[in-house]
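**Q** pasting the structure only:
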């Protein structure tokens, strides 16, 4: 504690900000852990959140399968939903057709 008394106001402010940030990260991590534990336990016991808590627990959204990929960088993929990723937008801006990047061309 005596070390705190030697700190400047700005050092104390930085320490407080860092501690608050770590606290929020820790709380959020634990909240997600508890949610997962509860969801698993409810499922294992055959109950719904509505039956036990009187409320619904939203299921985790399933990731959509990739519909488009960059032939030069196969790890660059896009499901076709939401905002067009930068790697694809730049190629479209250069005049490449979207169909060129389809994964399953039929």
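**A** Thanks, I have the structure now. These figures come from a predicted structure and were not determined experimentally.
**Q** just for this protein, where's the confidence low?
**A** Within the chain, the ranges that satisfy pLDDT under 70 run 1-2, 57, 105-106.
**Q** can you list the domain ranges for it.
**A** Following automatic domain parsing, one finds the domains of the chain at 2-53, 68-101.
**Q** those helices in the protein, which residues are they?
**A** Along the chain, the segments classed as helices by DSSP state H run 2-6, 9-45, 49-53, 86-93.
**Q** what helices and strands are in contact with the third one?
**A** I take that to be helix 49-53. helix 9-45 (3 or more C-beta pairs under 8 Å, 6 or more residues apart in numbering; DSSP states H and E). Where C-beta positions appear, they are placed from N, C-alpha and C, glycine not excepted.
**Q** list the buried residues of the helix it packs on.
**A** By 16 or more other C-beta atoms under 10 Å, the buried positions in helix 9-45 come out as residue 42.
**Q** quick revisit: can you check which of the domains of the chain gets nearest to residue 62?
**A** domain 68-101 (11.0 Å; C-beta to C-beta).
**Q** start and end of the closest one, how far apart?
**A** Distance across domain 68-101, first residue to last, is 5 Å (C-alpha to C-alpha, to the nearest Å).
**Q** ok, stretch 74-88 next?
**A** End-to-end distance (C-alpha to C-alpha), stretch 74-88: 12 Å.
**Q** ok, residues contacting that stretch?
**A** 63-70, 73, 92, 98, 101, 103 (C-beta atoms under 8 Å, 6 or more residues apart in numbering).
**Q** ok, residue 67 touching residue 98?
**A** No - if you go by C-beta atoms under 8 Å, residue 67 and residue 98 don't touch, sitting 9.9 Å apart.
**Q** hang on, the earlier thing: out of the contacts of stretch 74-88, which two sit at the greatest distance?
**A** 63 and 92 (22.9 Å).
**Q** quick check: the gap between residue 21 and residue 14.
**A** Computed as C-beta to C-beta, to the nearest Å, the residue 21 to residue 14 distance reads 11 Å.
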